[in-house]
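**Q** Next comes the sequence, and after it the predicted model I'd like to discuss.
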Amino acid sequence: MAEAGEPVLFTKVTVYSLLACVAQFAVGFAFAQKWGNKCSAVDRWVLVWLFYDAIVHFTLEGPFVYMSLVGNVATSDNLLAELWKEYGKADERWLYSDPTIVSLELLTVVLDGSLALLLVYAIIKDKHYRHFVQITLCVCELYGGWMTFCPDWLIGSPNLNTSSWLYLWVYLVFFNGIWVVVPGLLLWQSWRDLRRMHQYPKKKNR
């Protein structure tokens, strides 16, 4: 239990926020099973990620950008604002329309969200440009992750709250780390597949 005067770590908003993330992943999984039934098992999991990625960009980060452009999250009063206020307990830049964060999120919603959907189409339809789009999207995601945190790290991380395991390991490390680990794995997949495609014609022509 929290001591007197200490903020309660788990609130209803905390639970609802985490459940919303689980629900988004479940929707992504369902979409991948529906439209990726002719894809390989590996690509179906790639589709799960891409659907989840697009859902997060459009349904969470899109409203964040809007709230930040017309005001800020801290003064907004709606369901999604409450979710971002919860995340803002770990990184308060998301509460007050930090220019770097809003600039990155604007690019993320418009570019990354669109690329994720384009990549879904390319995988399902087995398009020749699949890995070009995949590499582009992954580099954008990794760059976004770096630029989200590096500016704050360079000035001593005054906006990051690492006082509890929930804020540090769940909000900051896990929910940002998956946008590093998964794009990294997809870059490796593209490198492997492109290498195989490059080697196959040579063997065929021998």
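**A** Yes, it's here.

**Q** quick one: average confidence on the longest helix along the chain?
**A** Criterion DSSP state H: the longest helix present in the chain is helix 175-205. Here helix 175-205 scores 88 as its mean pLDDT.

**Q** Mind listing what's buried along that helix?
**A** By neighbour count on 16 or more other Cβ atoms under 10 Å, the buried set for helix 175-205 is 179, 182, 183, 186, 187, 189, 190. To be clear about C-beta, it is placed using only N, CA and C from the backbone, and glycine gets the same treatment.

**Q** Please enumerate the helices of this protein.
**A** Counting by DSSP H, the helices of the chain are 12-35, 41-56, 62-70, 79-88, 99-107, 113-124, 130-154, 165, 175-205.

**Q** tell me the mean pLDDT for the first one?
**A** For helix 12-35, the mean per-residue pLDDT is 96.

**Q** now the shortest one
**A** Confidence over helix 165, taken as the mean pLDDT, stands at 95.

**Q** Next: the fourth one.
**A** The average of the pLDDT scores along helix 79-88 is 96.

**Q** pull the CA atoms of that helix into PDB?
**A** The C-alpha coordinates for helix 79-88 follow below in PDB (Å, rounded to 0.1, in the frame of the first residue of the first chain):
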ATOM      1  CA  LEU A  79     -11.100   9.800 -22.500                       C
ATOM      2  CA  LEU A  80      -7.900   9.800 -24.600                       C
ATOM      3  CA  ALA A  81      -6.500  12.800 -22.800                       C
ATOM      4  CA  GLU A  82      -6.800  10.800 -19.500                       C
ATOM      5  CA  LEU A  83      -4.800   8.000 -21.100                       C
ATOM      6  CA  TRP A  84      -2.000  10.500 -22.200                       C
ATOM      7  CA  LYS A  85      -2.100  12.100 -18.800                       C
ATOM      8  CA  GLU A  86      -1.400   8.600 -17.400                       C
ATOM      9  CA  TYR A  87       1.600   8.300 -19.700                       C
ATOM     10  CA  GLY A  88       2.600  11.800 -18.800                       C
END
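
**Q** now that helix and helix 62-70, what's the angle there?
**A** Put simply, helix 79-88 runs at 90 degrees to helix 62-70, going by axes from the mean of the first three to the mean of the last three Cα atoms, to 10 degrees.

**Q** List the buried residues of helix 79-88.
**A** 80, 81, 82, 83, 84, 85, 86, 87, 88.

**Q** can you check the third one too?
**A** Of the residues in helix 62-70, those scored as buried under the neighbour-count criterion (16+ other Cβ under 10 Å) are 62, 63, 64, 65, 67, 68.
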